[in-house]
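No sequence on hand, only this structure:
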């Protein structure tokens, strides 16, 4: 009776105690005894303890489960049925006995690996290039023939301080999908004077119109707004579409007129403007067949200043080189269909198709690409097709890579895109192992690109030799093939993200240009493979993804 009275007093005074707010299992606590005899029968639900028996009865303990380990833990989960008492009240009752090292709720934890970020944008289902479940209605579709954007958004959604320039026909900057995202020149004032001395008067909002030479780079064609939306539309805002980058600023340079054409001078000046005013990534879904020192010099200026320019291959289904994609210091992008094949043709012409050639870097979804309208804020039912639409997917991913690591160089970006692209997913006659002229290094995979950048293995050599790893990514426990090797003897080392050796083989003989490594049981993640030619002493490095 005396102990029951003590219990009641404790409960009356409990209102002054703090309440448990963390998520936990209802009516369960975990206790650890200071000392405990494991000969006790737990089935009685009272530990056979005279001290604990009245408390167990009061809260109606129905189950006791020992948390087992090799050495007894003295730790148990107690489930009680009396809903009259809160978790905190029950903890207080048991704590008063002085028998326990600790008592706490049975807290709930959740896996930190998120399956994917699924935005709530109302027309996201039409954006097959971001997520393709194989049900796209306008074309043959294959599940997974997308850039794996949902997993990529778990890693990065864009740095608000980074600037992406869209050089095109202008953009509908007042569209709600760009709200708060249009670049503002903080060094300029709307007063008819070139306050910042950059050569452009009152270039305060957005950028510059290099066609009409004014400070309103407004879209009068539609191409630019569609392209800008693919790269930069704000995601998860319960309307319209989701762009690749949800947070960074958008600079607009109008270099195409209402007929969707523009001069090289306007394009070059747009590039200089974008670089000089802080853009880190430039999207140019534009192409001309003429070589040009003017345009080439602008591209080199980009490169020298650490700005990555992404350009389209064009849509004539041939290997004629178009510029700026044809310049060495650009990322050149072709187009794929919802079934992962090279686009041939686009929906709008039987004679069209994604251009190809030795200068292509990679491909990305580009046909039937729904996007924003340049004349209003509510129309979401039109779609475009072209390497123009594939390019902003790549530019958007490049902007996320810079958001992850602003110190990356152009060559870093090119290498990451090459190593993380999905190879041999298209038509088998065109999409062969390694680099090919139709798909370049493969189809863009945003998630792998961002995961690839997470790996930081210092001072491991990387060469540009055309050595291919297949499959890459490697399924855990699968055989790995290294191809395009000269006949020789090789040593192979594989390192994890911390630079630790996880696989070695010091003497592989190559007589038929390839090495097959038996099943490697590596955990999912990014690795670095070092291949050393034991005769020529040349060392080759490649990144390897394991899924």
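That came through, no problem. Since the structure is predicted, the reported quantities are computational estimates derived from the model, not experimental observations.

hey, let's count contacts and neighbours off CA atoms from now on
Noted.

pLDDT score assigned to residue 69?
On the pLDDT scale, residue 69 is placed at 62.

Please renumber the chain so that the first residue is 130 from this point on.
From this message on, residue numbering opens at 130, which makes the last subject residue 198.

Now do the same contact list for the nearest residue to residue 654 once chain neighbours are set aside.
Sequence neighbours aside, residue 675 is the residue nearest to residue 654 in space, at 5.2 Å (criterion: C-alpha to C-alpha, 6 or more residues apart in numbering). Counting by C-alpha atoms under 8 Å, 6 or more residues apart in numbering, residue 675 touches 601, 602, 603, 604, 605, 651, 652, 653, 654, 655, 656.

Quick check: the fourth one vs residue 676, distance?
If you measure residue 604 against residue 676 using C-alpha to C-alpha, to the nearest Å, the figure is 5 Å.

quick one: which of those two has more around it?
residue 604 (18 against 13; other C-alpha atoms under 10 Å).

Tell me the secondary structure of residue 183, please.
Classification of residue 183 using DSSP: H, G, I helix; E, B strand; the rest coil returns helix.

what's the burial count for it?
Every residue meeting other C-alpha under 10 Å relative to residue 183 is counted, giving 16.

which residues in the stretch 130-279 of the chain form helices?
131-141, 182-188, 216-224, 278-284 (DSSP state H, counting those that start in this stretch).

And residue 260, how close does it get to residue 154?
Distance of residue 260 to residue 154, computed by C-alpha to C-alpha: 36 Å.

Neighbour count for these two, which is higher?
Just comparing residue 260 and residue 154: by other C-alpha under 10 Å the higher neighbour count belongs to residue 260, 20 against 12.

and the spatially closest residue to the more buried one that is not a sequence neighbour, what does it touch?
Nearest residue to residue 260 in three dimensions, chain neighbours excluded: residue 275, at 5.6 Å (C-alpha to C-alpha, 6+ apart). Going by C-alpha under 8 Å, 6+ apart, residue 275 touches 257, 258, 259, 260, 261, 467, 469, 493, 494, 574.

from memory residue 310 sits against residue 381, does it?
No - taking C-alpha atoms under 8 Å as the definition, residue 310 is not a contact partner of residue 381, at 11.3 Å.

Between those two, which has more neighbouring residues?
Higher neighbour count among residue 310 and residue 381: residue 381, with 32 against 21, using other C-alpha under 10 Å.

max-length helix in the protein?
helix 516-533 (DSSP state H).

Next, count neighbours for residue 178.
Residue 178 has 10 nearby residues by other C-alpha under 10 Å.

next one: phi and psi at it?
phi -110, psi 130 (degrees, to the nearest 10).

Could you report the distance from it to residue 528?
For residue 178, the distance to residue 528 - C-alpha to C-alpha - is 64 Å.

What segments of the stretch 530-676 of the chain are strands?
Remark: strands assigned in the stretch 530-676 of the chain by DSSP state E, counting those that start in this stretch are 597-599, 609-612, 617-624, 630-639, 643-646, 654-662, 668-675.

do the same with the stretch 130-279 of the chain
153-162, 190-195, 204-209, 229-236.

so which of these comes closest to residue 625?
Smallest distance to residue 625 across the strands of the stretch 130-279 of the chain (C-alpha to C-alpha): 33.8 Å, for strand 229-236.

Which elements pack onto that closest one?
strand 153-162, helix 216-224 (3 or more C-alpha pairs under 8 Å, 6 or more residues apart in numbering; DSSP states H and E).

Sort out which residues of it are buried, please.
Using 16 or more other C-alpha atoms under 10 Å as the test for burial, strand 229-236 gives 229, 232, 233, 234, 235.

Just grab the bridge partners of the second one for me.
Meaning residue 232. When assigned by DSSP bridges, residue 232 has beta-bridge partners residue 160.

and it, what does it touch?
158, 159, 160, 161, 220, 223, 224.

Rebuild those residues as a markdown table, extending it with pLDDT and distance to residue 391.
As requested, these are exported to a markdown table (pLDDT from 0 to 100; distance: C-alpha to C-alpha, whole Å):
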| residue | pLDDT | distance to residue 391 |
| --- | --- | --- |
| 158 | 91 | 71 |
| 159 | 87 | 71 |
| 160 | 89 | 74 |
| 161 | 89 | 76 |
| 220 | 94 | 74 |
| 223 | 94 | 79 |
| 224 | 94 | 78 |
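
State the pLDDT value of residue 508.
Note on residue 508: pLDDT of 93.

actually residue 447, not the one I wrote
Reported pLDDT for residue 447: 96.

again with residue 169
Predicted confidence (pLDDT) for residue 169: 60.

what do you get for residue 268?
91.

Quick check: the gap between it and residue 364.
Applying C-alpha to C-alpha to residue 268 and residue 364 gives a distance of 25 Å.

Can you name the residues in contact with stretch 535-555?
432, 435-437, 460, 468-471, 490-491, 527, 530-531, 560-563, 570-574, 577-578, 581-582, 601-602, 671-674.

Give me the distance between residue 352 and residue 535.
29 Å.

more neighbours, the two?
residue 352 (25 against 14).

Contacts only, for that one.
Under the criterion of C-alpha under 8 Å, 6+ apart, the contact list for residue 352 reads 297, 298, 389.

mind redoing it with 6 Å?
Counting by C-alpha atoms under 6 Å, 6 or more residues apart in numbering, residue 352 touches no other residue.

try the one 4 residues further on
The neighbours of residue 356, taking C-alpha under 6 Å, 6+ apart as the test, are residue 518.

so what's the residue nearest to residue 260 scoring on pLDDT?
With respect to pLDDT, residue 275 scores 95.

Equivalent analysis for residue 238, please.
pLDDT recorded at residue 238 is 49.

Am I right that residue 464 falls within a strand?
Yes - under three-state DSSP, residue 464 sits within a strand.

Can you give me the distance of it to residue 179?
77 Å.

which residues of the chain score low on pLDDT?
Where the chain drops to pLDDT under 70, the residues are 130-152, 167-175, 197-200, 237-245, 582-595, 626-629, 635, 639-641.

wait, what's in contact with the spatially most central residue of it?
Geometric centre of the chain, nearest residue: residue 281, 2.3 Å, by C-alpha atoms, centre = their mean. Applying C-alpha under 6 Å, 6+ apart to residue 281 gives the contacts 575, 576.

And for residue 500, the neighbour number?
Neighbour tally, residue 500, other C-alpha under 10 Å: 29.

That one contacts residue 357, doesn't it?
No - if you go by C-alpha atoms under 6 Å, residue 500 and residue 357 don't touch, sitting 8.8 Å apart.

Show me the beta-bridge partners of residue 295.
Here residue 295, judged by DSSP bridges, has bridge partners residue 381, residue 412.
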